[in-house]
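Trainee: the amino acid sequence is not available; the structure is as follows:
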């Protein structure tokens, strides 16, 4: 994938993630206006929304990091072993920082 295509995809992803995070953060409804049952339901919904915000925020960080790698001229190189990240992986996940082997090792250690 050429740098211009990658940059365009990453910028689009960043804009979409920013919109999603803003929607998920939304303004909470005043607790005083809710019944006790609604408050319990809202808490569960709030927990779910916070989990989604956390995932979107981590994804956003990965996209920003990929844009920084593009600016530094190292986009498409694994941040761990410095080998090329396969084109297919970058096409599927333009924000990918690691080759498949290094990413697999990282996930096993978690």
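Mentor: Nice, I can see it. All figures in this text were calculated on a predicted structure; none of them were measured in a lab. Numbers count the residues shown, from 1 in each chain.

Trainee: now stretch 98-110: buried residues?
Mentor: 98-99, 102-103 (16 or more other CB atoms under 10 Å). (Each C-beta comes from the backbone N, C-alpha and C, glycine too.)

Trainee: let me have these in TSV, extended by pLDDT and secondary structure.
Mentor: Shown next, in TSV, are those (pLDDT from 0 to 100; DSSP: H, G, I helix; E, B strand; the rest coil):
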residue	pLDDT	secondary structure
98	97	coil
99	97	coil
102	97	helix
103	96	helix
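
Trainee: now flag whichever of the residues you listed is closest to residue 90.
Mentor: Nearest to residue 90 out of those is residue 99 (CB to CB; 10.3 Å).

Trainee: so for that closest one, what's the nearest residue that isn't a sequence neighbour?
Mentor: Sequence neighbours aside, residue 78 is the residue nearest to residue 99 in space, at 4.2 Å (criterion: CB to CB, 6 or more residues apart in numbering).

Trainee: show me what contacts the one you found?
Mentor: 84-85, 97-99, 102 (CB atoms under 8 Å, 6 or more residues apart in numbering).

Trainee: which of these sit farthest apart?
Mentor: Farthest pair in those, by CB to CB: 84 and 97, 12.6 Å.

Trainee: from residue 77, how far out is residue 4?
Mentor: 18 Å (CB to CB, to the nearest Å).

Trainee: hey, where'd the helices end up in the protein?
Mentor: Secondary structure of the chain by DSSP state H: the helices cover 3-25, 36-72, 87-92, 100-109.

Trainee: give the buried residues for the first one.
Mentor: What that stands for is helix 3-25. For helix 3-25, by 16+ other CB under 10 Å, it's 6-7, 9-10, 13-14, 17, 20, 24.

Trainee: what does the longest one give?
Mentor: Going by neighbour count (16+ other CB under 10 Å), the buried part of helix 36-72 is 49, 53, 56, 59-60, 62-63, 66-67, 69-70.

Trainee: quick one: which of the residues you listed is nearest residue 90?
Mentor: Nearest to residue 90 among those is residue 66, at 9.2 Å by CB to CB.

Trainee: what residue is smack in the middle of the protein?
Mentor: residue 59 (0.9 Å; CA atoms, centre = their mean).
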